[in-house]
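**Q** Could you work out the structure for the sequence below:
(one chain, ligands or ions: 1)
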Amino acid sequence: MFKKILIANRGEIAIRILRACKELGIQTVAVYSDADKNSLHAHAQFADEAIHIGAASPKESYLNADVLIQAARASKADAIHPGYGFLSENASFAGTVASAQLTFIGPSADSIRAMGDKAESKIAMKKAGVPTVPGYEGTGLETSAELTAHAREIGYPVLVKASAGGGGKGMRVVNNEGELSESIESAKREALNAFGDERLLIEKYLPNAHHIEFQVFGDQHGHLVHLFERECSVQRRHQKIIEETPSPLLTPELRKEMGEAAVKAAKAVHYTNAGTIEFIFDPTNSTYYFLEMNTRLQVEHPITEHVTGIDLVQWQIRVAAGEHFPYQQEQLSQRGHAIECRVYAEDPANNFLPSTGRLLQYIEAKGPGVRVDSGFTIGDDVTHFYDPLLAKLIVHAENRETAIQRMQAALKDFIVHGVVTNIDFMQSVLAHEDFANGKVTTWWVEKSLESNSLLFETQEQVSPRRHGDAPALHIIAAALADLTIGNRQSKIENRNEPDPYSPWKNPSGFRT
Ligand code: MV4
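**A** Take a look at the predicted model:
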């Protein structure tokens, strides 16, 4: 087993990984940027060591492979956990880590590469017998005339996608032939800009799709299983808001079939460690298609942990160290229902713009069946440098109905002052009959916001405290926070006192 792991990430996921290391008796090294000097993840309460890696901008710190590897060497870490985002799906980073005689806690660079390209992975999946969306993927550099012919064959509406794409970039819905050439040109331009790669593929557009993904997990001895699905259809502009498992849409038969397809997909690229197979699911005819694979631990992994009882982060570490994953597919099952709500510092009433500022009051929900994964505490600043995710609120209960009720209560208990959050917005979604009926498709949030202000109307009914008493609460919160922040600050200052005898203090200037 590893003796020491460097966590190349920040915030809630760094803290989640630090906890898993602590439970396994592994020493930890946190890294932090200028903006994170006082952040929880670099605090002695969580990390054994903390190394400063550069300026606030991700490029100069959390995305700087060289400085991360130097930090791992200087601290004598055996392995690096990349978390999610940043360098987690960067094949060249995974390769560099391996060449530096360190273990990358994740899949091989080859697996990451094989799944990194939409067109290539789609071709590989077809070959492996995994259903993919009907469409055309050639070299990706077809002329407009060639693509027009293929689109006609597929039948409108079609979807033009950038091969190198992700997060909806370079994606265009095309309703008829008249719109095609312009969409191709603009998608190419966007793809070239974003990825330096203008290759496109074209496929049938599924307008009523649900996003259902399967967690897969493989060890280094060829054993690979799935840990069931997560339904992630409540999202806006490719940012997920609410995830749940089991999906209210799947029958046991479909679940089994899709799970087997997910295992097949992962095995085709000799996948090891934690990964996710994204499917698009059409409830009108119960068809499903492979969309892409995320070759990392995902933000929403906790709901899978609660329903399967498997600690995914611990097992990521254990299989990376060469251990066998001990459960056969038949031994794995789903117990109860789990939901995750992502608490963002953003303003739904103002086009969901990130809301920055100091957390004047911050009280997390707690109680039986309630878990909060967060990297923030009272007094922290929410800056524009990083994702505005404040916390992940996760509940687990006997069934979907009780899980929804538990989530609604927990959201009421979650108090944040100083920044605006999407808490009330999520209450509106949870209270909506479409959500109760499992009718939320991937476009549902945008459509509901567009068609009427229904979501915001519901909001006032669900959450009257949003109005009226807010200014007074802010003043009280600010006064209380000053006291608490004062206490907290002195704790952090103690922790940042340089220790002249520290064995990991190094002359290369990592730690200031
Ligand atoms: C689609 C689709 C409908 N039809 N493909 C979005 C990003 C990438 N993961 C693929 N995406 C989609 N592909 C076809 N043929 C709808 C989406 C899509 C989506 C997929 C998953 C999660 C959220 C989404 C939000 C909008 C569109």
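
**Q** can you point me to the longest strand in this protein?
**A** For the chain, the longest strand by residue count, based on DSSP state E, is strand 224-236.

**Q** Let me know the next secondary structure element after it.
**A** strand 239-245 (DSSP states H and E).

**Q** So is that next one next to the ligand?
**A** No: counting by C-beta under 6 Å from any ligand atom, the ligand is not contacted by strand 239-245; separation bottoms out at 7.8 Å. The way it works is simple: take the backbone N, C-alpha and C, and place the C-beta from them, glycine included.

**Q** Now do that strand against strand 224-236, angle only.
**A** If you take axes from the mean of the first three to the mean of the last three C-alpha atoms, to 10 degrees, strand 239-245 sits at 130 degrees to strand 224-236.

**Q** So which elements touch strand 239-245?
**A** strand 224-236, helix 301-308, strand 337-344, helix 423-431 (3 or more C-beta pairs under 8 Å, 6 or more residues apart in numbering; DSSP states H and E).

**Q** angle of it against helix 423-431?
**A** 40 degrees.

**Q** Render the CA-only coordinates of strand 239-245 in CSV, please.
**A** What follows is strand 239-245, C-alpha atoms only, in CSV (Å, rounded to 0.1, in the frame of the first residue of the first chain):
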residue,chain,number,x,y,z
GLN,A,239,-23.9,21.7,-15.5
LYS,A,240,-25.6,19.0,-13.4
ILE,A,241,-27.7,20.2,-10.6
ILE,A,242,-29.5,17.2,-9.1
GLU,A,243,-28.5,13.5,-9.5
GLU,A,244,-30.1,10.4,-8.1
THR,A,245,-29.9,6.7,-8.0
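
**Q** ok now that strand, how far from the chain's centre?
**A** Its chain's C-alpha centre and that of strand 239-245 lie 10 Å apart, by C-alpha atoms, centre = their mean, to the nearest Å.

**Q** So the nearest residue to Lys118 once chain neighbours are set aside versus Tyr271, what's the distance?
**A** Counting by C-beta to C-beta, 6 or more residues apart in numbering, Lys118 lies nearest to Ser163, which is 4.9 Å off, once chain neighbours are set aside. Per C-beta to C-beta, to the nearest Å, Ser163 is found 21 Å from Tyr271.

**Q** and if you look at Ser428?
**A** 38 Å.

**Q** thinking again about what came up before, of the helices and strands packed on strand 239-245, flag the one that's most buried.
**A** Comparing the helices and strands packed on strand 239-245 by mean neighbour count (mean count of other C-beta atoms under 10 Å), strand 337-344 comes out on top with a mean of 25.

**Q** Which elements pack onto that one?
**A** strand 239-245, helix 301-308, strand 389-397, helix 400-413, helix 423-431.

**Q** Quick check: which of the ones you listed is nearest to Leu291?
**A** Taking C-beta to C-beta, strand 239-245 is the member of the helices and strands packed on strand 337-344 nearest to Leu291, at 14.0 Å.

**Q** In contact with His306, which residues?
**A** Counting by C-beta atoms under 8 Å, 6 or more residues apart in numbering, His306 touches 336, 338, 371, 394, 396.

**Q** Over to Val313?
**A** 16-17, 19-20, 297, 301.

**Q** Show the pLDDT at it.
**A** Note for Val313: predicted pLDDT of 98.

**Q** For my notes, confirm it occurs in a helix.
**A** Yes: under DSSP: H, G, I helix; E, B strand; the rest coil, Val313 falls within a helix.

**Q** in the stretch 1-150 of the chain, which spans are strands?
**A** Assigned by DSSP state E, counting those that start in this stretch, the strands in the stretch 1-150 of the chain fall at 4-7, 27-33, 49-54, 79-81, 103-104, 135-136.

**Q** now the residue in the stretch 251-400 of the chain that the ligand sits nearest to: how far from Thr139?
**A** With C-beta to the nearest ligand atom, the shortest gap between the stretch 251-400 of the chain and the ligand falls at Leu291, namely 4.9 Å. To Thr139, Leu291 is 21 Å away according to C-beta to C-beta.

**Q** Comparing these two, which residue is more hemmed in?
**A** Leu291 (23 against 9; other C-beta atoms under 10 Å).

**Q** That one contacts Phe281, correct?
**A** No: using C-beta atoms under 8 Å, Leu291 is not in contact with Phe281; the gap is 9.9 Å.

**Q** Now stretch 20-37: buried residues?
**A** The neighbour-count check on stretch 20-37 (16 or more other C-beta atoms under 10 Å) flags 20-21, 24, 26-33, 35-36 as buried.

**Q** Would you point out the most distant pair within those?
**A** Leu24 and Ala35, at 29.2 Å, using C-beta to C-beta across the buried residues of stretch 20-37.

**Q** and the residue of the stretch 401-512 of the chain found nearest the ligand, what element?
**A** Closest residue of the stretch 401-512 of the chain to the ligand, C-beta to the nearest ligand atom: Thr442 (3.7 Å). Here Thr442, judged by DSSP H and E, is contained in no helix and no strand.

**Q** Can you list phi and psi of it for me?
**A** phi -70, psi -20 (degrees, to the nearest 10).

**Q** and if you look at His210?
**A** Residue torsions, per degrees, to the nearest 10, at His210 are phi -110, psi 150.

**Q** Return the set of residues that bridge with it.
**A** Assessed by DSSP bridges, His210 has beta-bridge partners Phe281.
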